[in-house]
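Visitor: Sequence plus predicted model, see below.
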Amino acid sequence: MKKASRKAKRFVVCLSNAGYAASLDVRKIYVSLPDEIAEKRGMLRVIDESGEDYLFPSSRFAAIDLPKDVERAIGAG
């Protein structure tokens, strides 16, 4: 997979895992990578625990801002 710069990463929280219970946890914070083509199709590229990124419906997530110290603590900042 193509690596994105740290500035390009953003944080999202899972609002619903309907249809994706094995892949997503509700209320969990995920790192999202930019993907213009996917976003035009209503999808969001999200990195899971394995370190791989997958496409999910963007309606399942909400973008969030985290303090820099929290970003560093979770290893994504």
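Guide: Here it is on my side, so go on.
Visitor: Only the C-alpha atoms, please, for the lowest-mean-pLDDT helix or strand in the chain, written as CSV.
Guide: The helix or strand of the chain with the poorest confidence is helix 68-73; it has a mean of 87 (mean pLDDT, DSSP states H and E). Once non-C-alpha atoms are left out, helix 68-73 reads as follows in CSV (Å, rounded to 0.1, in the frame of the first residue of the first chain):
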residue,chain,number,x,y,z
LYS,A,68,-1.0,16.5,19.5
ASP,A,69,0.0,14.7,22.7
VAL,A,70,-2.8,12.2,22.2
GLU,A,71,-1.8,11.7,18.5
ARG,A,72,1.8,10.9,19.7
ALA,A,73,0.5,8.6,22.5
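Visitor: Any regions of the protein where pLDDT drops low?
Guide: 1-7, 75-77 (pLDDT under 70).
Visitor: quick one: furthest residue from the center of this protein?
Guide: Asp69 (18.5 Å; Cα atoms, centre = their mean).
Visitor: need the contact list for that one.
Guide: Residues counted as contacts of Asp69 (Cβ atoms under 8 Å, 6 or more residues apart in numbering): none. Bear in mind the C-beta positions are built from the backbone N, C-alpha and C, glycine included.
Visitor: Next one: it relative to Val46, how far apart?
Guide: Distance of Asp69 to Val46, computed by Cβ to Cβ, to the nearest Å: 23 Å.
Visitor: Also Arg27?
Guide: Taking Cβ to Cβ, one finds Arg27 at 14 Å from Val46.
Visitor: okay, those two: which has more neighbours?
Guide: Shown here are Arg27 and Val46; by other Cβ atoms under 10 Å, Val46 has more neighbours (22 against 8).
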